[in-house]
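Novice: quick check, what structure comes out for this input:
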Amino acid sequence: MDLEAIQQALNHLPLGPVRFHRQTGSTNEDANHWAQAGAPDLALVTAEEQTQGRGRLERRWFTPPGAALALSLVLRPDQTPVDAGRPQALARLTALGALAVCSALEDISRGELQPEIKWPNDVLLERRKTAGILVEISWEGERFTSAVLGIGVNVSSQSVPPANALLFPATCVEAALGRSVERLELLGAVLERVLYWRARLNSDEFLQAWQEQLAFKGEWVQISRGDPSGPTMKNARLVGVRMDGGLELIDREGKLITLQTGEVSLRPVEK
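Specialist: Okay, the predicted model is just below:
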């Protein structure tokens, strides 16, 4: 990919300016600096390679050259209808990225792929992590001034980290689909769906789509604080997600549990 090819592929979308890096530390860090310097709504940073890419809880995000999508989008509040406080806004914008990736994968595969959202910020294919979302928000009081929506997608096999570096099983789009994928096509599809779902952030349609894509719904999951290999809180059956982004579960005693995004991880209970 190069800047000219990216701009050509995205010229049908009402985006802001685009910056492309052959190699960078983190597209989210680049976009945050740009936002602080006045980048407009929908300014986009993308890169072939990230050397210091990161995910939730400061985990490393593996982005080797030419094998993945790494992009970060600046969102401004006057164009982003998030009617919510700090934790809720983070959850909703994270879901925005995850839903956009799910919709894009369904679109480019013509329904062959069945992506799911592993709450709060991962997209799974065949129950394996394929994409991650990282949202970072700048606030003035209770109003956000800018948000950066970071999206990383494993496209080819070279983008999947080695097994000994994984906390959760991973795969890539091409492995799940069984054929090669044009990254520029996927980039355009993801951004097109970001625009679609952003306009519906506070709608019933948004919540319904989030519910329908939710992984492990109705199943027993293991809840832990931070690293999934850390101390286990308990097992519970996943019920669904709330509009404020909280995850609802029922424990073995029949007690309703609500989790908010933070240092919480979940994974299916092994049978």
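Novice: only C-alpha atoms from now on, for both contacts and neighbour counts.
Specialist: Noted.
Novice: skipping its backbone neighbours, what lies nearest Ala70 in space?
Specialist: Excluding its sequence neighbours, the residue lying closest to Ala70 (C-alpha to C-alpha, 6 or more residues apart in numbering) is Gly152, at 4.7 Å.
Novice: run through who's touching the helix or strand in which that neighbour is found.
Specialist: Assigning secondary structure by DSSP states H and E places Gly152 in strand 143-154. With C-alpha atoms under 8 Å, 6 or more residues apart in numbering as the test, strand 143-154 has contacts from 27-28, 31-32, 35, 61, 67-77, 93-94, 97, 130-139, 160, 171-173.
Novice: one step back: do you know how far the residue nearest to Ala70 is from Leu186?
Specialist: For Gly152, the distance to Leu186 (C-alpha to C-alpha, to the nearest Å) stands at 12 Å.
Novice: any stretches of the chain with poor pLDDT?
Specialist: 53-59, 61, 83-85, 165-166, 226-233, 262-263, 271 (pLDDT under 70).
Novice: before we move on, the earlier item: Gly152 and Leu186 - which one has more neighbours?
Specialist: Neighbour count, other C-alpha atoms under 10 Å: between Gly152 and Leu186, Gly152 has more, with 27 against 20.
Novice: if the more buried one is in a bridge, with which residues?
Specialist: Following DSSP bridges, Gly152 is listed with bridge partners Ala70, Gly132.
Novice: then Ile117?
Specialist: Under the criterion used (DSSP bridges), Ile117 bridges to Val123, Leu214.
Novice: give me the next element, helix or strand, following the strand holding Gly152.
Specialist: That would be, after strand 143-154 and using DSSP H and E, helix 173-177.
Novice: coming back round to it: show me which of the contacts of strand 143-154 are buried.
Specialist: For those, a neighbour count by 16 or more other C-alpha atoms under 10 Å gives the buried set as 27-28, 31-32, 35, 61, 67-76, 93-94, 97, 130-137, 160, 171-173.
Novice: show me where this structure has helices.
Specialist: In the chain, the helices defined using DSSP state H lie at 3-9, 27-36, 86-108, 173-177, 183-198, 204-213.
Novice: most tightly packed of those helices?
Specialist: Mean neighbours per residue, mean count of other C-alpha atoms under 10 Å, is largest over the helices of the chain for helix 86-108, with a mean of 23.
Novice: quick one, what contacts Val173?
Specialist: Here Val173 is in contact with Leu125, Thr130, Asn154, Val155, Ser156, Val181 (C-alpha under 8 Å, 6+ apart).
Novice: cutoff 10 Å now
Specialist: 68, 105, 109, 113, 115, 124-125, 129-131, 153-157, 159, 179-181 (C-alpha atoms under 10 Å, 6 or more residues apart in numbering).
Novice: what's the answer for Glu212, then?
Specialist: Glu116, Ile117, Phe206, Gly240, Val241.
Novice: what bridges to the closest residue to the fourth one other than its chain neighbours?
Specialist: This points to Gly240. Closest residue to Gly240 apart from its sequence neighbours, by C-alpha to C-alpha, 6+ apart: Glu248 at 5.4 Å. Counting by DSSP bridges, Glu248 forms beta bridges with Gly240, Thr258.
Novice: before we move on, back to that, report the buried residues of the strand holding Gly152.
Specialist: For strand 143-154, burial by neighbour count (16+ other C-alpha under 10 Å) applies to Phe144, Thr145, Ser146, Ala147, Val148, Leu149, Gly150, Ile151, Gly152, Val153, Asn154.
Novice: which residues do Gly152 and Leu186 both contact?
Specialist: Contacts common to Gly152 and Leu186, judged by C-alpha under 10 Å, 6+ apart, are Leu69, Val101.
Novice: ok, back up a step: in CSV: the helices of the chain, plus distance to Glu253.
Specialist: Below are the helices of the chain laid out as CSV (distance: least, C-alpha to C-alpha, whole Å):
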stretch, distance to Glu253
helix 3-9, 53
helix 27-36, 42
helix 86-108, 28
helix 173-177, 38
helix 183-198, 37
helix 204-213, 24
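Novice: thanks a lot, catch you later.
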